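>>> give me a 3D structure for the following:
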Amino acid sequence: MDKESFLQWFSSEIPETLFPQIAAQVLFRCENCGECCREEGYALVDEADLQEMASSQGISPSEAKTRFTDPDPEKNPGCRILKTIGPDRSCCLFDVLAKRCMIYSHRPRICRTFPMLDLDTKGEELICFYSDCLGTAKFVKMLREKRGDPEVQKDIESLTRQEERMQALQILLFVWLRRMMGKKEEAEFICSITGVSFPPEENAFQRDCLAYFLMTITTDALDGYQYEG
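Okay, the predicted model is just below:
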């Protein structure tokens, strides 16, 4: 595949709603409140997740499957669910005292994309701002403070005017997502044919993600948020 073919595929197959989700996930910072590791819905894992979890513990995928997962009640093909323990149904990999995942750098992909990304969404809602997530509360607070910043407004105007810069940012966001999902070879190939450099300069990337995200949401989504944690 050459650059032109990739760009045609990229523009036709990747939904616009995905990019602000990725930008939000880039900006999001986990505060280790543990709310997403307790009393949540089923956390689905697949074979690739099991391989990663097993390597983090120095065990076989089959042992990881037995120790950390249960059959998926909804019988999604090739999937199992993370085991939960205790009265609050904490994830078996969550250290309750330290309030952190015991395999954080090798955590399943469903955990890597939470709370801003929903790769399977079919609805029109871009982002779900969870009211009990401390990281989300701080994220919204930052957005409220930054949305009127003159420098942020300049970045928004620049992205709006420069079509090539916007396209490059969208490709970079997609590359960031593929790497986060463990698709490093695919990400490197995209970089090689498009000329996008990864990793980007961090401050510039963060600024562009902030500007891009604020371009895509309404102020009501921020003003209506209340933290209930």
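>>> residue contacts, Asp88?
Arg38, Glu39 (Cβ atoms under 8 Å, 6 or more residues apart in numbering). (Each C-beta comes from the backbone N, C-alpha and C, glycine too.)
>>> any idea how far Arg178 is from Gly86?
35 Å (Cβ to Cβ, to the nearest Å).
>>> between the two, who's got more neighbours?
Between Gly86 and Arg178, counted using other Cβ atoms under 10 Å, Arg178 has the larger neighbour count: 19 against 11.
>>> what's the closest non-adjacent residue to the more buried one?
Nearest in space to Arg178, with sequence neighbours left out and distances taken as Cβ to Cβ, 6 or more residues apart in numbering, is Ala187 at 4.2 Å.
>>> look up phi and psi at that neighbour.
Per-residue torsions, Ala187: phi -60, psi -40 (degrees, to the nearest 10).
>>> dihedrals phi and psi, Pro71?
Taking degrees, to the nearest 10 as the convention, Pro71 sits at phi -60, psi 150.
>>> and the residue most central in space within the chain, how far from Leu172?
For the chain, Thr113 is the residue whose C-alpha lies nearest the centre (Cα atoms, centre = their mean; 3.0 Å). As for Thr113, its distance to Leu172 is 17 Å (criterion: Cβ to Cβ).
>>> and for the host helix or strand of Asp208, what's in contact with it?
Counting by DSSP states H and E, the element that carries Asp208 is helix 202-216. Here helix 202-216 makes contact (Cβ under 8 Å, 6+ apart) with 19-20, 23-24, 26-27, 126, 143, 146-147, 152, 155-156, 158-160, 169, 172-173.
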